[in-house]
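Enquirer: sharing a sequence plus its predicted fold:
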Amino acid sequence: MAISIEWQTEDGTTVLRYSGPDIDQLQQFELPDSRCLEFLDPYGDLTLNRYQISVLEQELNQVLEVATDSKVRDQASAVLKFVAELGVDDRTHQYLKFIGD
C-alpha cells in the first residue's frame, strides 16, 4: 500500500504534494526509539506539526545512517528532500500529512 504525503494548511488545503518513490519499505523499517516513523500506517492518516516534523527529520537521518537496504535509503532521502521543500520559517500553521489508503 502506498502512502501519499502532502504539506497542508490548517484548513486542509494542499500546498505541496510528494511525487517521489513509494514509501512502502520506509513504513516497515524498525528504528529504535522512533517517535514518528513508527506511526506510519498504510491504511490511516498521520498529521505532524512543525515540532514533530523536526523529530521526523532526525529519524529519517538516522535511517540514512543505519539502513543497508537501498530502497529504504532512497525512500528516506526522498521524504527528507520533500520535507525540506517548505522551509523551516514557512512551517507555522503548515502540517505534513501522510495519507494512507
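Expert: Cool, the structure landed.

Enquirer: Three-state assignment for L96, please.
Expert: strand (DSSP: H, G, I helix; E, B strand; the rest coil).

Enquirer: partners of it in the sheet?
Expert: W7, L48 (DSSP bridges).

Enquirer: my guess is it contacts V83, does it?
Expert: Yes: contact criterion CB atoms under 8 Å: L96 and V83 qualify, at 6.5 Å. (Each C-beta comes from the backbone N, C-alpha and C, glycine too.)

Enquirer: look at those two and report which has more neighbours.
Expert: L96 (24 against 21; other CB atoms under 10 Å).

Enquirer: tell me where this protein has helices.
Expert: 50-66, 70-84 (DSSP state H).

Enquirer: still on that earlier bit, tell me, what's touching L96 and V83 both at once?
Expert: Counting by CB atoms under 8 Å, 6 or more residues apart in numbering, the residues touching both L96 and V83 are I53, L56.

Enquirer: now stretch 24-39: buried residues?
Expert: The neighbour-count check on stretch 24-39 (16 or more other CB atoms under 10 Å) flags Q25, L26, Q27, F29, L31, S34, C36, L37 as buried.

Enquirer: would you confirm that the fifth one contacts Q62?
Expert: I take that to be L31. Yes: with contact defined as CB under 8 Å, L31 reaches Q62; the gap is 6.0 Å.

Enquirer: now do the contacts for the residue nearest the centre of the chain.
Expert: Centroid-nearest residue in the chain: V79, 5.4 Å away (criterion: CA atoms, centre = their mean). Contacts for V79 (CB under 8 Å, 6+ apart) come out as I5, Y18, G20, I23, L26, L60.

Enquirer: with that, I have no additional questions.
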